[in-house]
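Undergrad: Based on what follows, work out the 3D shape:
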Amino acid sequence: MTNLIMEKLYSQKLAKQTAKSPTQQYLDVAEIKEDVIILKNGTLRAVLAVSAINFELKATNEQEAIIGQYQNFLNSVDFPLQILISSRKLNIDTYLDFLITKEKQQKTELMRMQISEYKNFITQLVSMSEIMDKSFYLIVPFSPIENQEKSFFSNLSSMLNKKRTILEKRESFETYKNQLYQRVDHLTAGLSGIGVRIIPLRTKELIELLFNSYNPTVFDTKGYVDTEKIELK
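TA: The predicted model follows:
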């Protein structure tokens, strides 16, 4: 009887600890600032939105040129890359609101009827079939080399001079960020010959992407910039 009571109390205590533990402790992301994702292990990430090309619609000589250019691009990359394909169910709520507004603005009954029928057709089409929207991203990593062998006096100096420590960390971040974006520039130049358009995600767009990744069933992301609306130039 005593063992059962102890197990029940332990289970209740464990449930309370789990409920109080923040979700952030299970994520690898420490923070996002200045268009860069900083992980808890100190490494940096940049994310590039990449457009798609209609490879099958290209002529044979164009396909061969694209393959050759892509091979040259892969041979020129001397750092790891991650390709992310984000698939989400198509959300047409904004488009339906647009159609409703247009329907109310029409002056003739015929135009209102046509827009209403079109709106009903789109709604039924999306509800009957799982229409997915795909987005493509390149994740570029950079791992700074940290000096783990600091002397006692250097540690003591850092503790006594907090302002200098903050300035050193700021300078280190700027250096690592510049090196990270050198890789971004290399990728942009290498893929431009294939006809792929690339744009780096900014801070708000990175937050929106991570929010969608960890909340795939949530569509309401007011206050964030929708990465699907980014114009790839």
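Undergrad: Which pLDDT value belongs to residue 114?
TA: Per-residue confidence at residue 114 stands at 91 (pLDDT).
Undergrad: One more: residue 161?
TA: You'll see residue 161 listed with a pLDDT of 57.
Undergrad: Could you name the helices and strands sitting against the longest strand along the chain?
TA: Secondary structure of the chain per DSSP state E: the longest strand is strand 132-142. Other helices and strands packing on strand 132-142, by 3 or more Cβ pairs under 8 Å, 6 or more residues apart in numbering; DSSP states H and E, are strand 44-50, strand 82-89, helix 162-192. C-beta: built from backbone N, CA, C; applies to glycine.
Undergrad: now the angle between strand 132-142 and the shortest one, please.
TA: Looking back up the chat, that one is strand 44-50. Strand 44-50 and strand 132-142 meet at an angle of 140 degrees, taking axes from the mean of the first three to the mean of the last three Cα atoms, to 10 degrees as the criterion.
Undergrad: Which residues outside strand 44-50 are in contact with it?
TA: Strand 44-50 is contacted from outside by 35-39, 84, 135-144, 176-177, 180-181, 183-184, 187-188, 191, 196-201, 205-206, 209, 227, 230, 232, using Cβ atoms under 8 Å, 6 or more residues apart in numbering.
Undergrad: switch the cut-off to 6 Å
TA: Strand 44-50 is contacted by residues 36-38, 136-142, 176, 180, 184, 196, 198-201, 230 when judged by Cβ atoms under 6 Å, 6 or more residues apart in numbering.
Undergrad: Check these for burial and list the buried ones.
TA: Buried residues within those, defined by neighbour count using 16 or more other Cβ atoms under 10 Å: 36-38, 137-138, 140-142, 176, 180, 184, 196, 198-201, 230.
Undergrad: low pLDDT regions in the protein?
TA: 1-25, 145-168, 216-233 (pLDDT under 70).
Undergrad: where along it do the helices fall?
TA: Secondary structure of the chain by DSSP state H: the helices cover 2-20, 60-76, 93-105, 109-128, 152-160, 162-192, 203-214.
Undergrad: Check the spacing between the residue nearest the centre of the chain and residue 48 real quick.
TA: The structure's the chain has its C-alpha centroid closest to residue 209; by Cα atoms, centre = their mean the separation is 3.5 Å. Here the distance between residue 209 and residue 48 works out to 11 Å (Cβ to Cβ, to the nearest Å).
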